[in-house]
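Participant: need coordinates for the below:
(one chain, ligands or ions: 1)
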Amino acid sequence: MGFYKIIPLHLGTITRPKSNMILDSPPSDERGDFPLLAYYLKGERGILVDTGGNPPDDPYGQKAQPYTRAPKQELPNALRAAGVAPADIEIVILTHLHWDHAANNHLLPNARFYCQRAEYDFIQNPTPEASMGYEFERVRKTPYELVDGDAKLFDSVSVLLTPGHTKGGQCVVVDTAEGKVVLTGDLVTLRESYRMHPPRPNGLCVDREAMLTSLRKVKAVSERILPGHDPSVLLPGGVL
Ligand SMILES: [Zn+2]
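Facilitator: Take a look at the predicted model:
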């Protein structure tokens, strides 16, 4: 069994209220800059977790949450800087299908795309109350391999069904030389909230109880996580 090295990719920056990022935070106008992130798993296979957002100015643009993206933060450029060509990504695991996590699938010509069946089913028949954050037209273009619940996908890489932020979110569990690491997607956006007592998930959720159950499920697997929008993962040593 081979270990993977996890390399975070910085794919743009959103400015938004910090209180949105942690469940039950007191309302505050304090805003922060938060990265759009994907994670390249370097190992036996070329694996990418999430693909980032659409171009800030494209017609699919997410109006509710404008963000900035420098050329070096475009997915192909970020991958090359991490030492891999887009054509060499074999596998993409999507934590969920929000605009800022799944909008660049078309830039990976040789990849197979894995998402949870519950997430896929939702984008076929979305309900208005859970639709915020999706660019449905764009994410429906990808042919997905559908996963039903918890599953080992490959040696050293498995997924956990973790609904709450969306209907069919999933976390990715990766074996590294330092132990198991969980890539949480937007179940947890900031590592500091995972270390609170009790730990708290993201403040944005479609199902609060499901979200808390999902958080406990991740806690049982590992204390080491890589969240969906945490600037600290981009600092030197930030993956550890
Ligand atoms: Zn999200």
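Participant: how about the residue positioned nearest the centre of the chain: what's its closest non-neighbour residue?
Facilitator: Closest to where the C-alpha atoms of the chain average out (Cα atoms, centre = their mean) is G185, at 3.2 Å. Once flanking residues are discounted, G185 sits nearest to T95: 2.6 Å by Cβ to Cβ, 6 or more residues apart in numbering. C-beta here means a position set from N, CA and C on the backbone, and glycine is covered the same way.
Participant: sec struct for that neighbour, please.
Facilitator: coil (DSSP: H, G, I helix; E, B strand; the rest coil).
Participant: what sits against the residue nearest to the centre of the chain?
Facilitator: Counting by Cβ atoms under 8 Å, 6 or more residues apart in numbering, G185 touches 50, 95-96, 101, 162, 165, 169-172, 228.
Participant: let's see that with 10 Å instead.
Facilitator: By Cβ atoms under 10 Å, 6 or more residues apart in numbering, the contact list for G185 reads 37, 39, 49-50, 93-96, 98, 101, 162, 165-166, 169-172, 202, 226-229.
Participant: and if you look at I6?
Facilitator: Per Cβ under 10 Å, 6+ apart, neighbours of I6: 39-43, 47, 49, 172, 174, 176, 178, 181, 183, 226, 233, 239-240.
Participant: and A38, by the same measure?
Facilitator: Under the criterion of Cβ under 10 Å, 6+ apart, the neighbours of A38 are 7-11, 48-53, 75, 78-79, 82, 92, 94-95, 100-102, 104, 183.
Participant: any weak-confidence spans in this structure?
Facilitator: 1, 59-65 (pLDDT under 70).
Participant: what about the helices in it?
Facilitator: Here the chain has its helices, by DSSP state H, at 75-81, 117-124, 136-139, 191-194, 208-219.
Participant: just so I know, which of those lies nearest the ion?
Facilitator: Evaluated over these, closeness to the ion peaks at helix 117-124, with 10.8 Å, by Cβ to the ion.
Participant: the ion contacts on the chain?
Facilitator: Residues of the chain found near the ion (Cβ under 5 Å from the ion) are 98, 186.
Participant: can you rerun that using 8 Å?
Facilitator: Residues of the chain lying near the ion by Cβ under 8 Å from the ion: 95-96, 98, 100-101, 133, 165-166, 169, 185-186, 202, 204, 228.
Participant: would you format the residues you listed as JSON lines with distance to V218 included?
Facilitator: Shown next, in JSON lines, are those (distance: Cβ to Cβ, whole Å):
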{"residue": "T95", "distance to V218": "12"}
{"residue": "H96", "distance to V218": "14"}
{"residue": "H98", "distance to V218": "18"}
{"residue": "D100", "distance to V218": "20"}
{"residue": "H101", "distance to V218": "17"}
{"residue": "G133", "distance to V218": "21"}
{"residue": "H165", "distance to V218": "12"}
{"residue": "T166", "distance to V218": "15"}
{"residue": "G169", "distance to V218": "11"}
{"residue": "G185", "distance to V218": "10"}
{"residue": "D186", "distance to V218": "12"}
{"residue": "N202", "distance to V218": "12"}
{"residue": "L204", "distance to V218": "17"}
{"residue": "G228", "distance to V218": "12"}
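Participant: now, these that are in strands?
Facilitator: G185 (DSSP state E).
Participant: rewinding a little: a markdown table for the helices of the chain, including mean neighbour count and distance to F154?
Facilitator: As requested, the helices of the chain are exported to a markdown table (neighbours: other Cβ atoms under 10 Å; distance: least, Cβ to Cβ, whole Å):
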| stretch | mean neighbour count | distance to F154 |
| --- | --- | --- |
| helix 75-81 | 18 | 19 |
| helix 117-124 | 18 | 19 |
| helix 136-139 | 17 | 23 |
| helix 191-194 | 19 | 25 |
| helix 208-219 | 17 | 20 |
